[in-house]
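In: Pasting a predicted model and its sequence here:
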Amino acid sequence: MRPDVRRMLVIQAGNVLLLAIAGVTIVMAVDALTAQPSGPPDEPDAGWALATISLGGALAVVVLAIFAYRWTARGERYAPLFGVLGWAVLWLPLSLTLGAASGTPALAYLATLVCGAGIVLSLVALGSKKPR
């Protein structure tokens, strides 16, 4: 396999991974929005606001991931920038969703590691492409 084809496959795998993680975040946010409250009705609950932020951010990441995938397939030079932006935007919805799902901040730190690795992968892909 030629090095440029291998590089393209790695970039596209990163874009598909970004899309898949955003899809899981959407499912978790919708689940949090549709959950029935179990506490007393007079107790304020900010869970719907966090789930709404997670849902909106994850939907924005889906759009960015689709742009990154399509522009990479067309061979656009700056297509990995959509991936960088997608991973950066995904950090907040993913950390909110994972933190709310687990009840501990440990999984929210995992979101930081995953998004940081995605940003590094996209920046390496951007820097490794030769100018036309």
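Out: Yep, that arrived.
In: what about the helices in this protein?
Out: 3-34, 47-74, 80-102, 106-128 (DSSP state H).
In: Pull out the buried residues from the first one.
Out: Along helix 3-34, the positions that meet the burial threshold by neighbour count (16 or more other CB atoms under 10 Å) are 8, 11-12, 14-15, 17-19, 21-22, 25-26, 28-29, 32. C-betas here are computed from N, CA, C, even on glycine.
In: And the residues you listed, which is closest to residue 86?
Out: Lowest distance from residue 86 to the buried residues of helix 3-34 (CB to CB) belongs to residue 18, with 5.1 Å.
In: What residue, apart from its backbone neighbours, is nearest that closest one spatially?
Out: Leaving out its chain neighbours, the residue that sits closest to residue 18 by CB to CB, 6 or more residues apart in numbering is residue 65, at 4.4 Å.
In: pretty sure the one you found contacts residue 19?
Out: Yes - between residue 65 and residue 19 there is a contact at 4.0 Å, judged by CB atoms under 8 Å.
In: ok, residue 1 - how many residues close by?
Out: For residue 1, the count of nearby residues is 6 (other CB atoms under 10 Å).
In: Could you measure from residue 127 over to residue 91?
Out: Look at residue 127 and residue 91: by CB to CB, to the nearest Å, they are 21 Å apart.
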